[in-house]
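S.K.: Sequence plus predicted model, see below.
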2 protein chains.
Amino acid sequence: MKKIPSLIDVARRAKVNISTVSRVINQTGKIGAETQERVLKVMRELGYKPNRVARRLRTQAGSTHLLGLIIPNIQNIFFADLARGVEDVAYKNNFALLLCNYDEDEAKERFYLDVMQSESVDGIIIPPIQETDQAVLQVVRNGTPVVCVDRSVSSGNLDKVEVDNHIGALRAVEHIISRGHRRIGVIGGPLDSSTGRERLRGYKDAHAQAGITLKTELIRFGDFKQHSGRVLAHELLSLSDPPTALFVCNGLMMAGALEAIAARGLKIPRQVAIVGFDELTLADVFNPPLTVVRQPAYEVGKCAAELLLKRIEDPKRPASSLKLLPELIVRKSC
Amino acid sequence: MKKIPSLIDVARRAKVNISTVSRVINQTGKIGAETQERVLKVMRELGYKPNRVARRLRTQAGSTHLLGLIIPNIQNIFFADLARGVEDVAYKNNFALLLCNYDEDEAKERFYLDVMQSESVDGIIIPPIQETDQAVLQVVRNGTPVVCVDRSVSSGNLDKVEVDNHIGALRAVEHIISRGHRRIGVIGGPLDSSTGRERLRGYKDAHAQAGITLKTELIRFGDFKQHSGRVLAHELLSLSDPPTALFVCNGLMMAGALEAIAARGLKIPRQVAIVGFDELTLADVFNPPLTVVRQPAYEVGKCAAELLLKRIEDPKRPASSLKLLPELIVRKSC
DNA sequence: GCAAACTACGCAAACGTTTGCGTGAACGAC
DNA sequence: GTCGTTCACGCAAACGTTTGCGTAGTTTGC
């Protein structure tokens, strides 16, 4: 329970003013070589570590070395990968990370946004809960750098990095069609999310390209959670004229759909083919191995963090918008 | 870019001293009903949010409402679940969470421990990298509450919550033996981790109980990562007298082992049975569904956070040590 | 050889809180 | 009517930094 040394302790021991110590730490201002040496020595002896809280309090923005990341759920592997991406670049630049799960709950999102501001983070990475997310817009109005990931936010000039959901879905469904399928069921995401909408658009465009007319009974909307994947797959497969292939718009719903297929004892891909959005842990050793479109989640996080750091350094730089390409991994399920 | 209101702004507008405002916020001290009303009104008008940084700076410990969580890798679903557990109880108690991945890298662990202290977190949850983890011992010596999870730390009286790895492994291997197997290969974890050791002990004890003598060539040690699972499974299956069943000591290595089995075109469980440690995303819809021992990761995180909060409230309470029971989920892979 | 410029460092304010102490007013007891 | 108590609130220090300004002492320019 020994006292943690502060600037004052170092200063006293080195017989200089605290401002001098501060300056050798931050390498700002002119310091005599000899003094510098002495201060550094004392710092080592005392095991001095700068107090980040005090530093944050003093300097308003840009040097707190703390980033905020607010995601729906860390248990979703997509966001875990993404988080890992931002963490890695944060660590490389000596930033720490404040991480929160908001669970698609607006109150929680608001709470955590408040916390972040109140913690004086240098910047925030967030997949906005809504297209027009007043809470995050308020934050950027307060002057905190924000970059949006995964989903877009309607209002203008924010940095953002997304994956090209349209092209991903398009390629996936094109592939399904190229395998000869004409009745393709889709388990989509919520239409009020850009991801849900874009993936559905890919599905539709692929049909249009191939001259296949859409059947509304084959189009179902889930909530990106496992449960909805299961029940919607059951619904689709219970149709009097069931689809011969399924396109499932995220990883968790994919797991649910596979449950339904297993429960019905259907053989993949003979009785029903399937391709999912998002890579899954055992996808490549599944029987049969699962055809999926892999999202570059780690890269999304990495790019977002890099963008954020750039903006922190230069708050006036024009907003940039990245769109990363997903990759269709063709295995045996379709 | 408007100025964020501070205590001073509220005080001025309500025509009181800042200390009064502080007192109505914290509900400490006597305040006149009328004054209180006025101050609250002004706070609402201005949208005042207390500055957590200043608060943390002023009060030394116990009320910063910030918890630290340092884990090996958030991409490991076990730790993601665990993290979710602590996050949930943190949120319920209005705590925020500082999350870091240390990647089994001692330098990173040290860096993040420094950050945590420097951020004046109220407490830290960590799976110590070593049995005798000097860095974390130093932290508790400095007076920061710490609870260890998953792995134990040798030195005395720390709060900790683990899962009973011995009983988990014992039950698993008992089950394998009950299926008639006598040559059981094990892909274990590093022996310098308590988890690795305890699971191996379970494996051995199950053999002893059944009167089966251990064959050293059937015992291999990985590093809990996917790659080692694959190569060790290949090694075991290449033996002139290969095992008829495999016990794999964590989830990632399980995925690797399944890769190896798939590559060799072996049928589970006919040609080789397998049971793993850790539940996996598609385990229940795998073909065949995977028999695993499920660790209560979420509960571990939950309990750890609750323990930590208790200790923060009362730093002198005796250390408690929880051991949660894992669950053998028998499916079809053995 | 002297003004100007620079070097190396100290002084003190400021960041937004919390909190011990002080104090005037109201109040109850006698 | 006096005195002690309680109430409601103000004053100012403190937490550990950063940083603009000031200032001795030294160097440079000519």
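M.R.: Thanks, I have the structure now.

S.K.: From here on, just use CA atoms for contacts and neighbour counts.
M.R.: Noted.

S.K.: I'd say residue A:129 and residue A:102 touch.
M.R.: No - Residue A:129 sits out of contact with residue A:102 when judged by Cα atoms under 8 Å, with a separation of 9.1 Å.

S.K.: okay, and the common contacts of those two?
M.R.: Common neighbours of residue A:129 and residue A:102 (criterion: Cα atoms under 8 Å, 6 or more residues apart in numbering or on different chains): residue A:109.

S.K.: Might one say that residue A:160 is in contact with residue A:318?
M.R.: No - if you go by Cα under 8 Å, residue A:160 and residue A:318 don't touch, sitting 11.7 Å apart.

S.K.: So the two - more neighbours on which side?
M.R.: residue A:160 (26 against 11; other Cα atoms under 10 Å in any protein chain shown).

S.K.: That one in helix, strand or coil?
M.R.: Put simply, residue A:160 is strand when judged by DSSP: H, G, I helix; E, B strand; the rest coil.

S.K.: which residues touch it?
M.R.: A:147-149, A:152, A:304, A:320-322.

S.K.: same question, residue A:237
M.R.: residue A:243.

S.K.: Quickly note the distance from it to residue A:246.
M.R.: Taking Cα to Cα, to the nearest Å as the measure, residue A:237 falls 9 Å from residue A:246.

S.K.: Could you do residue A:109 as well?
M.R.: For residue A:109, the distance to residue A:246 - Cα to Cα - is 33 Å.

S.K.: and the two? which has more neighbours close in?
M.R.: More crowded of residue A:109 and residue A:246, by other Cα under 10 Å: residue A:246, with 26 against 23.

S.K.: Please verify my assumption that that one contacts residue A:182.
M.R.: No - in this structure, residue A:246 is not within contact of residue A:182 by Cα under 8 Å, at 10.8 Å.

S.K.: Which one among the contacts of residue A:160 sits at the bottom for pLDDT?
M.R.: Least confident entry in those, by pLDDT: residue A:152, with 79.

S.K.: how does chain A divide into domains?
M.R.: Per automatic domain parsing, the domain ranges recorded for chain A read A:7-50, A:66-163+A:297-326, A:165-294.

S.K.: Which one of those domains lies nearest to DNA strand C?
M.R.: Each of the domains of chain A was scored for nearness to DNA strand C using Cα to the nearest atom of the strand, and the closest is domain A:7-50 (3.1 Å).

S.K.: Please state the offset of that closest one from the chain centre?
M.R.: 40 Å (Cα atoms, centre = their mean, to the nearest Å).

S.K.: average model confidence for that domain?
M.R.: 89.

S.K.: Please apply the same query to stretch A:82-100.
M.R.: 92.

S.K.: List the contacts of that stretch.
M.R.: By Cα under 8 Å, 6+ apart, stretch A:82-100 touches A:65-71, A:112, A:116, A:297-306, B:73-75, B:87, B:96-101, B:112, B:115.

S.K.: gap between the two ends of it?
M.R.: Stretch A:82-100 end-to-end distance (Cα to Cα) = 13 Å.

S.K.: In that stretch, which residues are buried?
M.R.: For stretch A:82-100, the buried set under the neighbour-count rule, 16 or more other Cα atoms under 10 Å in any protein chain shown, comprises A:82-91, A:95-100.

S.K.: same question, stretch A:109-124
M.R.: A:109, A:111-124.

S.K.: As PDB, could you dump the C-alpha coordinates of that stretch?
M.R.: Extracted in PDB, the C-alpha atoms of stretch A:109-124 (Å, rounded to 0.1, in the frame of the first residue of the first chain):
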ATOM      1  CA  GLU A 109     -25.700   3.600 -26.000                       C
ATOM      2  CA  ARG A 110     -26.500   6.900 -24.600                       C
ATOM      3  CA  PHE A 111     -25.200   6.000 -21.200                       C
ATOM      4  CA  TYR A 112     -21.900   4.900 -22.700                       C
ATOM      5  CA  LEU A 113     -21.500   7.800 -25.000                       C
ATOM      6  CA  ASP A 114     -21.900  10.000 -21.900                       C
ATOM      7  CA  VAL A 115     -19.300   8.000 -20.100                       C
ATOM      8  CA  MET A 116     -16.900   8.300 -23.000                       C
ATOM      9  CA  GLN A 117     -17.200  12.100 -23.100                       C
ATOM     10  CA  SER A 118     -17.100  12.300 -19.400                       C
ATOM     11  CA  GLU A 119     -13.900  10.300 -19.500                       C
ATOM     12  CA  SER A 120     -12.500  12.700 -22.100                       C
ATOM     13  CA  VAL A 121     -11.600  10.000 -24.600                       C
ATOM     14  CA  ASP A 122      -9.700  11.200 -27.600                       C
ATOM     15  CA  GLY A 123     -12.100   9.600 -30.000                       C
ATOM     16  CA  ILE A 124     -14.900   7.000 -30.400                       C
END
